[in-house]
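Chemist: One predicted model, sequence on top.
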Number of protein chains: 2
Amino acid sequence: MTGPAILLDHGSGGEKSDTLIEESILPHIINPHLAVLNDGASVSIGGHRLAISTDSYVVDPIFFPGGSIGHLAVHGTVNDVSMCGARPLYLSCALIMEEGFPVQDLERIMADMGAAAKKAGVAIITGDTKVVPRGACDKIFINTTGIGITPEGTAPSADKAKPGDAIILSGTIGDHGLAILSSREGLTFQSEIKSDTAPLNQMVSDIIAICPEIHVLRDPTRGGVATVLNEVASASGVHITLHEDNLPIRPDVAALGELLGLDPLYTANEGKLLAWAPREKAEAVLTAIQNSPYGKEAAIIGEVTSTTDHPHVTLTTLTGGKRRVPRLTGDQLPRIC
Amino acid sequence: MTGPAILLDHGSGGEKSDTLIEESILPHIINPHLAVLNDGASVSIGGHRLAISTDSYVVDPIFFPGGSIGHLAVHGTVNDVSMCGARPLYLSCALIMEEGFPVQDLERIMADMGAAAKKAGVAIITGDTKVVPRGACDKIFINTTGIGITPEGTAPSADKAKPGDAIILSGTIGDHGLAILSSREGLTFQSEIKSDTAPLNQMVSDIIAICPEIHVLRDPTRGGVATVLNEVASASGVHITLHEDNLPIRPDVAALGELLGLDPLYTANEGKLLAWAPREKAEAVLTAIQNSPYGKEAAIIGEVTSTTDHPHVTLTTLTGGKRRVPRLTGDQLPRIC
């Protein structure tokens, strides 16, 4: 007797991922501290609120325009800890390598991790190295787990979006996903598109300095902006309206996305965040993001319009029409991060 | 031009592992907090000393006599945090699965993780799920990262072994490695050998309660007891003497080890620890271990005889002879944990 099997969709960050996690994973490990809604968990230790987040990186190819699996492994976890409103301090680093993997590639990746950690101001403090026989994994997978401290009075969470909130996106979307795909398709010489992989901890500090009560912070990685918007709409029970003409997208990303059938709204980013700011602070938060590293092209892309029993996301198109932005079904791009 | 490649030996926990880590990994990420000698790192946050440890589990087969990859993923990291002298509190859990992996196997593994976490008194608080295409990984790999609090006055470390220290082993050796190997070789029906996978946090609490100044705590996983003894000898600059007649080994493990060419001294354990206790507390520590869960067969297996510029480990054999116990060279058994 054979039951259901894991599908690529189960790792997409979309609907199938959620179903698998809700039905096959969470029921077995449920406890009061478990982070269900957010990019990381918050726990208290001796009066300090710590944020903890983990991610495994399986990106293919491991070197791509704009970065490597080493940059992703640092930035991705630094960003997830930051999205909890926390200041990331420490990372662990666990490597799984395939027998035969070139040592010089390992060294290049470790140099990228070291440089990325230094730039983000975090320390890699402990690690693990496993080697599996040829064919038991593809080249190298990296897990990093990050720990940070959350300041008093700050507790952004996906269920805190409120009517009137402005939704701010910190820059152009789709760059990472399209850089990876063009790299896979051998299109890199015809394209200038680079991954946006970057650490967002400084940007989050700058946001919190002027808006400690920031409602929601999320980085739109797997599944892209559309997936995060839908998750937050569901968790908060709200309707979100998006304005297509405010969405920052590079023309070459839009063009290549069209060519390859990839919608930038659903495509992974590795150096962008979405912030839900109370209306009266929206302009100040936008300015803080624009003045911070990696936020120059930030824009207010939409707002929370109302509470609702049927949470959803609507896009006002360039031509003035309206269309629903559904959740991702099916895996757009495996091994994107 | 092709340079050197990663070998299975690089993941053995033996000499090759150390060389790779020292030459190709550490130089790129070095910082004052980095744990080099021990199973985890210690950092201070707001006056509290936290211990943090990470491990990826790639064991094959994923289900074996006495446990599963799910048990290992909880016990292994709980134990590594405990070996820092800390009380483990929280775990993260990151899954990498191969497309086509049976959902019922995932659910069985998650149930094992949930049960193991409950038994150890730790909470799994955050996670990540990645799916890679068929052939890009073998079934499932799990990373867990653990966080614990270290009590004041306790700071065991591999470089603290001192002449006169008694070396206590908490039970029989080789069980896990031989359970895995007999499972791979299809010998499970002829053998009663089970993995010893177990959480050691209660045992460590019991040790610390009567000997907070315990010098060294280590769990002899990959590379076995011989590897840990050599690591501690090197880190502390001491000579260690081991007494073969005191080594607890199950007769069937010894027999099967002989048959399969596997020395239990070098074989992985997943529910044992080695403690270096000051001479005057040796008997009290031994009794505490024997009275704690999973420690009934504990024994004093040797002692630190002297400081030396040429750290090494000597075994006094059953027949009264002496032989050197060298470091592991070559990988005895890939994917053992």
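Modeler: Happy to help now that I have it.

Chemist: ok, for whichever residue of the stretch 101-250 of chain A sits closest to chain B, nearest residue in space, not its chain neighbours?
Modeler: Nearest residue of the stretch 101-250 of chain A to chain B: A:Val131, at 3.0 Å (CB to the nearest CB). Bear in mind the C-beta positions are built from the backbone N, C-alpha and C, glycine included. With CB to CB, 6 or more residues apart in numbering or on different chains as the criterion, A:Val131 has its nearest non-adjacent residue at 3.0 Å, and that residue is B:Gly11.

Chemist: swap in A:Asp196?
Modeler: Closest to A:Asp196 by CB to CB, 6+ apart is A:Gly271, at 3.8 Å.

Chemist: separation between that neighbour and A:Gly295?
Modeler: Going from A:Gly271 to A:Gly295 by CB to CB, to the nearest Å gives 10 Å.

Chemist: on that earlier part again, report the distance from the strand or helix carrying the residue of the stretch 101-250 of chain A closest to chain B to the chain centre.
Modeler: Here A:Val131 sits within strand A:123-132, counting by DSSP states H and E. Here strand A:123-132 is found 23 Å from its chain centre; the criterion is CA atoms, centre = their mean, to the nearest Å.

Chemist: In which helix or strand does A:Leu178 reside?
Modeler: Remark: A:Leu178 resides in helix A:175-184, with elements defined by DSSP H and E.

Chemist: now swap in A:Leu34 and tell me
Modeler: Using DSSP H and E, A:Leu34 is not contained in any helix or strand.

Chemist: show me what contacts it?
Modeler: A:26, A:41, B:123-126 (CB atoms under 8 Å, 6 or more residues apart in numbering or on different chains).

Chemist: 10 Å - rerun?
Modeler: With contacts defined as CB atoms under 10 Å, 6 or more residues apart in numbering or on different chains, A:Leu34 is in contact with A:26, A:41, B:93, B:123-127.

Chemist: and what of A:Asn79?
Modeler: A:39, A:53, A:55, A:72, A:88, A:120, A:146, A:197-201, A:203-204, A:217-219, A:221, A:269-273 are the contacts of A:Asn79 under CB under 10 Å, 6+ apart.

Chemist: switch to 7 Å and redo it
Modeler: For A:Asn79, the contact set (CB atoms under 7 Å, 6 or more residues apart in numbering or on different chains) comprises A:199-200, A:219.

Chemist: looking at the residues you listed, which has the most residues close by?
Modeler: Among the contacts of A:Asn79, the one with the most neighbours (other CB atoms under 10 Å in any protein chain shown) is A:Leu200, at 29 neighbours.

Chemist: Now name the helix or strand holding the residue nearest to that one when sequence neighbours are not counted.
Modeler: Leaving aside its sequence neighbours, A:Leu200 sits nearest to A:Asn79 (CB to CB, 6+ apart; 4.8 Å). With secondary structure defined by DSSP H and E, A:Asn79 is part of helix A:69-83.

Chemist: After that helix, which helix or strand is next?
Modeler: From helix A:69-83, the next helix or strand downstream (DSSP H and E) is strand A:87-98.

Chemist: do that following strand and chain B meet at all?
Modeler: Yes - using CB under 7 Å from any CB of the partner chain, strand A:87-98 reaches chain B at A:90, A:92, A:94, A:96-97.

Chemist: Highest neighbour count among the residues you listed?
Modeler: A:Ser92 (28 neighbours).

Chemist: ok, back up a step: closest to A:His176 out of the contacts of A:Asn79?
Modeler: Comparing the contacts of A:Asn79 against A:His176 with CB to CB picks out A:Asp219 as the nearest, at 10.8 Å.

Chemist: That closest one touches A:Met83, doesn't it?
Modeler: Yes - contact criterion CB atoms under 7 Å: A:Asp219 and A:Met83 qualify, at 5.6 Å.

Chemist: Quickly list what's touching both of those two.
Modeler: Residues within reach of A:Asp219 and of A:Met83 at once, by CB under 7 Å, 6+ apart, are A:39, A:273.

Chemist: three-state assignment of the spatially most central residue of chain A?
Modeler: The C-alpha lying nearest the average C-alpha coordinate of chain A belongs to A:Thr221 (CA atoms, centre = their mean; 3.1 Å). Using DSSP: H, G, I helix; E, B strand; the rest coil, the structure places A:Thr221 in coil.

Chemist: For A:Gly295, see how far away the nearest residue to it once chain neighbours are set aside is.
Modeler: Leaving aside its sequence neighbours, A:Thr221 sits nearest to A:Ala268 (CB to CB, 6+ apart; 5.2 Å). When distance is defined by CB to CB, A:Ala268 is 19 Å away from A:Gly295.

Chemist: higher neighbour count, the two?
Modeler: Using other CB under 10 Å, the more surrounded residue of A:Ala268 and A:Gly295 is A:Ala268, with 30 against 25.

Chemist: Might you report the residue contacts of that one?
Modeler: By CB under 7 Å, 6+ apart, the neighbours of A:Ala268 are A:176-177, A:221-222, A:224, A:336-337.

Chemist: could I get the residues you listed as JSON lines with pLDDT?
Modeler: JSON lines is the format used below for these (pLDDT from 0 to 100):
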{"residue": "A:His176", "pLDDT": "97"}
{"residue": "A:Gly177", "pLDDT": "95"}
{"residue": "A:Thr221", "pLDDT": "95"}
{"residue": "A:Arg222", "pLDDT": "91"}
{"residue": "A:Gly224", "pLDDT": "95"}
{"residue": "A:Ile336", "pLDDT": "92"}
{"residue": "A:Cys337", "pLDDT": "94"}
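
Chemist: Next, A:Val232: secondary structure please.
Modeler: Once three-state DSSP is applied, A:Val232 turns out helix.

Chemist: got the end-to-end distance for stretch A:313-325?
Modeler: Distance across stretch A:313-325, first residue to last, is 5 Å (CA to CA, to the nearest Å).

Chemist: what do you get for stretch A:194-213?
Modeler: For stretch A:194-213, the first and last residues are 33 Å from each other (CA to CA).

Chemist: Would you agree A:Gly171 falls within a helix?
Modeler: No - applying three-state DSSP, one finds A:Gly171 to be coil, outside a helix.

Chemist: neighbours around it, how many?
Modeler: Around A:Gly171 there are 22 other residues, counting by other CB under 10 Å.

Chemist: before we move on, what about A:Gln202?
Modeler: So A:Gln202, with other CB under 10 Å, has 18 neighbours.

Chemist: Check A:Asn246 too.
Modeler: Neighbouring residues of A:Asn246 were enumerated by other CB under 10 Å; the total is 13.

Chemist: cool, A:Asp159 as well?
Modeler: Neighbour tally, A:Asp159, other CB under 10 Å: 16.

Chemist: dump the residue contacts of the closest residue to it other than its chain neighbours.
Modeler: Excluding the flanking residues, the one nearest A:Asp159 by CB to CB, 6+ apart is A:Ala235, at 4.2 Å. For A:Ala235, the contacting residues are A:37, A:158-159, by CB under 7 Å, 6+ apart.

Chemist: what residues are up against A:Leu217?
Modeler: When contacts are counted by CB under 7 Å, 6+ apart, A:Leu217 touches A:83, A:85, A:156, A:204, A:273, A:275.

Chemist: Compare these and tell me which is most surrounded.
Modeler: When neighbours are counted by other CB under 10 Å, A:Val204 leads the contacts of A:Leu217 with 31 neighbours.

Chemist: hang on, isn't the residue nearest to the centre of chain A packed against A:Gly271?
Modeler: No - with contacts counted by CB under 7 Å, A:Thr221 stays clear of A:Gly271, the gap being 9.8 Å.

Chemist: intersection of neighbour lists for these two?
Modeler: By CB under 7 Å, 6+ apart, no residue touches both A:Thr221 and A:Gly271.

Chemist: A:Glu23 - how many residues pack around it?
Modeler: By other CB under 10 Å, the residues close to A:Glu23 number 11.

Chemist: Report whether the biggest helix by length in chain A contacts chain B.
Modeler: Ranked by residue count and defined by DSSP state H, the top helix of chain A is helix A:103-120. Yes - counting by CB under 7 Å from any CB, contacts between helix A:103-120 and chain B involve A:103-104, A:106-107, A:110-111, A:113-114, A:117.
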